[in-house]
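Asks: The following block contains a protein sequence and its predicted model.
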Amino acid sequence: MEEKKLAVVALGGNAILRGNQKGTVEEQNQNIRETLENLIYLVRDGYNLVITHGNGPQVGMIQNAMDNLIVMEQNYKQIPLPTSVAMSQGYIGYHLQQALSYALSKRNRNVPVVTLTTQMIVEKADPAFQNPTKRHTPTPSPARKMANTLSDSRQSTSAVPMFM
């Protein structure tokens, strides 16, 4: 039996949410479907496919939504950034899995599709922390500023990444 080849495809968060799109679920799903339609040939050609993705814009959307909730509901506090990252992994993975399963079924391919969420351990002394070059939100929203103030007054804890 011939061993299958492996293709690893990395999608940036901006591939899922493009340019000046608003970021609706419909826009992101359409982008994912279009992308996967362009990758399905790899499965047809006998590859096992691993898709990894970025999530910066989606994390920012989740943080902004939670900030708005904090402003409207006093019982809520800011969620830690790693929680927003996990939430985005889950929903992006779900949409990727659904779209890939659908694209395969349209071609009568019975191939299992699985979603995994992961954690990354980073080196605490990584110099990238001294000069970050990417934001997860375009600009701090008014809700973020107010949420920071409200969360501070509600004695929330700040996000702590997992360090080695």
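Replies: Yep, that arrived.
Asks: Let me know the average pLDDT across the longest helix out of those in the chain.
Replies: When the chain is parsed with DSSP state H, its longest helix is helix 81-106. What helix 81-106 shows for mean pLDDT is 92.
Asks: elements contacting it?
Replies: Here helix 81-106 touches helix 25-37, helix 40-44, strand 47-53, helix 56-72, going by 3 or more Cβ pairs under 8 Å, 6 or more residues apart in numbering; DSSP states H and E. Every residue, glycine included, has its C-beta placed from N, CA and C.
Asks: Tell me which of the ones you listed sits most buried.
Replies: Compared across the helices and strands packed on helix 81-106, helix 56-72 shows the largest average neighbour count, a mean of 20 (mean count of other Cβ atoms under 10 Å).
Asks: any idea how far residue 75 is from the residue most central in space within the chain?
Replies: Central residue of the chain (Cα atoms, centre = their mean): residue 55, 3.2 Å from the mean position. In this view, residue 55 and residue 75 are 27 Å apart by Cβ to Cβ, to the nearest Å.
Asks: go on, residue 59?
Replies: 23 Å.
Asks: and what of residue 129?
Replies: For residue 129, the distance to residue 75 equals 32 Å [Cβ to Cβ].
Asks: the more surrounded of these two?
Replies: Higher neighbour count among residue 129 and residue 75: residue 129, with 12 against 7, using other Cβ atoms under 10 Å.
Asks: confidence score at that one?
Replies: On pLDDT, residue 129 comes in at 80.
Asks: Same question for the one 4 residues further on.
Replies: Note on residue 133: pLDDT of 75.
Asks: For residue 109, which of the helices and strands packed on helix 81-106 is the nearest?
Replies: Closest of those to residue 109 is helix 40-44, at 6.5 Å (criterion: Cβ to Cβ).
Asks: Can I get the closest one in CSV, CA atoms only?
Replies: The C-alpha atoms that make up helix 40-44 are tabulated as CSV, following Å, rounded to 0.1, in the frame of the first residue of the first chain:
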residue,chain,number,x,y,z
ILE,A,40,-9.7,20.2,-2.5
TYR,A,41,-7.5,19.0,-5.4
LEU,A,42,-4.9,18.0,-2.9
VAL,A,43,-7.2,15.4,-1.4
ARG,A,44,-8.2,14.3,-4.8
